[in-house]
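Asks: this one's sequence-less:
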Ligand SMILES: Nc1ncnc2c1ncn2[C@@H]1O[C@H](COP(=O)(O)OP(=O)(O)OP(=O)(O)O)[C@@H](O)[C@H]1O
């Protein structure tokens, strides 16, 4: 099985703080969707930052380990190199350019494409999110929260990435909107074969969407396996899915 992303024994520290990640290993097979679960402060965003080359701007650094993306060692590479290698991120907080129109936001994402390919890729995104087509001349700041999230996603997808990193897509959005965005993402995975690493507070949704899951606690991976196995584990049922085993309830 081809591995798209291989994180090995990765440790990360922030200035004047202890380790935020302590020997984390994670494999993402090509074309698969992997969920990363964990409570607040577990280190999920730190792992994404380490993969996307954005640790230094947050005062963090890698102290051990390696990250291999599609055959290339990427620790230390600047973010623009990673984009060219085929990595894209949907950052937490729907970071769209509010003054720019929907179309201009997508053009920013398409900037690395050869000119001839831009139109076709933009149309593919509009097909995925018809709402963005309807609003393509509107300033992004006027879109609803869900539409801004679609735009952030569309902007990440327009360049046709091989790996998509998705951080807390559901934050502050209505459940129905979140579900429909995940459904679109699933279509992207199925049709384009895009590999995805998904950080999601809503464990139930993440486990439905992903094929594999990892659980991070205080900077360490404490559990991993198929989404079904992880979802059935006592740890995840009790701490992340908010349910107890029947025998415990009855005890
Ligand atoms: N820029 C920073 N400087 C110092 N410490 C940081 C910084 N960013 C995060 N940390 C610390 O690193 C640890 C992991 O934080 P991180 O944000 O990666 O967790 P998380 O799992 O993404 O949490 P959340 O779900 O709340 O976003 C925490 O103890 C946090 O306080």
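Replies: Ah, there it is. Keep in mind that this is a model prediction, so the values were computed, not measured. Numbers count the residues shown, from 1 in each chain.
Asks: Every contact and neighbour count from this point should use C-alpha atoms.
Replies: Will do.
Asks: OK, contacts around residue 133?
Replies: Applying Cα atoms under 8 Å, 6 or more residues apart in numbering, one finds that residue 133 lies in contact with 126, 127.
Asks: any chance you could map the strands in the stretch 101-250 of the chain?
Replies: In the stretch 101-250 of the chain, strands defined by DSSP state E, counting those that start in this stretch lie at 163-167, 195-199, 212-217, 220-226, listed in chain order.
Asks: Need the winner for burial among those.
Replies: When the strands of the stretch 101-250 of the chain are scored by mean count of other Cα atoms under 10 Å, the highest mean neighbour count falls to strand 195-199 (a mean of 26).
Asks: what angle separates that one from strand 212-217?
Replies: Angle, strand 195-199 to strand 212-217, by axes from the mean of the first three to the mean of the last three Cα atoms, to 10 degrees: 30 degrees.
Asks: related to what we said a few turns ago, in TSV, list the strands of the stretch 101-250 of the chain along with distance to the ligand and mean pLDDT.
Replies: As requested, those are exported to TSV (distance: least, Cα to the nearest ligand atom, whole Å; pLDDT from 0 to 100):
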stretch	distance to the ligand	mean pLDDT
strand 163-167	9	93
strand 195-199	8	95
strand 212-217	8	96
strand 220-226	11	97
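Asks: and the ones you listed as JSON lines, adding distance to residue 145?
Replies: Putting those into JSON lines (distance: least, Cα to Cα, whole Å) gives the following:
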{"stretch": "strand 163-167", "distance to residue 145": "15"}
{"stretch": "strand 195-199", "distance to residue 145": "19"}
{"stretch": "strand 212-217", "distance to residue 145": "27"}
{"stretch": "strand 220-226", "distance to residue 145": "32"}
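Asks: okay but residue 213 is in contact with residue 230, surely?
Replies: Yes - at 6.6 Å, residue 213 and residue 230 qualify as touching, with contact defined as Cα atoms under 8 Å.
Asks: Now for the two: what residues contact both?
Replies: Residues touching both residue 213 and residue 230 (Cα under 8 Å, 6+ apart) are residue 224.
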